[in-house]
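J.: return a 3D structure for these sequence lines:
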Amino acid sequence: MAPNPQCAALAAAKDRKGLSYSQIAEKIGQSEKHVIDICTGVAVPTTAEFDALANALDIKQQPPHDSAHRTK
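T.: A predicted model of the protein is given here:
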């Protein structure tokens with residue numbers, strides 16, 4: 001299976017912003033573990049969670065989607 005494009009977009013934005021998982025979690029009101037799980041592909045985010053992450057990380061464009069990788 002190909003890498004999840006959403007995970008790749010989140011990881012790149014996280015690195016670009018220089019934020020820790022803890023800082024991101026605080027910004028979106030989720031636990032650090034849940035943010036890590038989403039960002040590493042362990043958990044699939046809801047649309048609201050992904051939108052909150054994208055907003056916290058200043059992601060302006062939607063990452064590519066395919067049938068294997070989508071939000072709930």
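J.: any idea how far the longest helix seen in the chain is from the middle of the chain?
T.: Counting by DSSP state H, the longest helix found in the chain is helix 5-17. Taking C-alpha atoms, centre = their mean, to the nearest Å, the mean C-alpha location of helix 5-17 is offset from the chain mean by 7 Å.
J.: following it, which helix or strand shows up next?
T.: helix 21-28 (DSSP states H and E).
J.: now that following helix: buried residues?
T.: Judged by neighbour count (16 or more other C-beta atoms under 10 Å), helix 21-28 contains these buried residues: 21, 24-25, 28. Where C-beta positions appear, they are placed from N, C-alpha and C, glycine not excepted.
J.: so Asp37 makes contact with Ala43?
T.: Yes - in this structure Asp37 lies within contact range of Ala43 using C-beta atoms under 8 Å: 3.8 Å.
J.: tell me the buried residues in the worst-scoring helix or strand of the chain on mean pLDDT?
T.: Here the helix or strand of the chain ranked lowest by mean pLDDT, DSSP states H and E is helix 5-17, holding a mean of 86. Using 16+ other C-beta under 10 Å as the test for burial, helix 5-17 gives 6-11, 13-14.
J.: give me the number of residues near Leu57?
T.: 22 (other C-beta atoms under 10 Å).
J.: how about the contacts made by the nearest residue to it once chain neighbours are set aside?
T.: Nearest residue to Leu57 in three dimensions, chain neighbours excluded: Ala13, at 3.7 Å (C-beta to C-beta, 6 or more residues apart in numbering). Applying C-beta atoms under 8 Å, 6 or more residues apart in numbering, we find Ala13 in contact with 54, 57-59.
J.: in a markdown table, list the buried residues of helix 21-28 along with distance to Glu49 and pLDDT.
T.: Output for those, formatted as a markdown table (distance: C-beta to C-beta, whole Å; pLDDT from 0 to 100):
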| residue | distance to Glu49 | pLDDT |
| --- | --- | --- |
| Tyr21 | 14 | 95 |
| Ile24 | 11 | 96 |
| Ala25 | 11 | 96 |
| Ile28 | 7 | 95 |
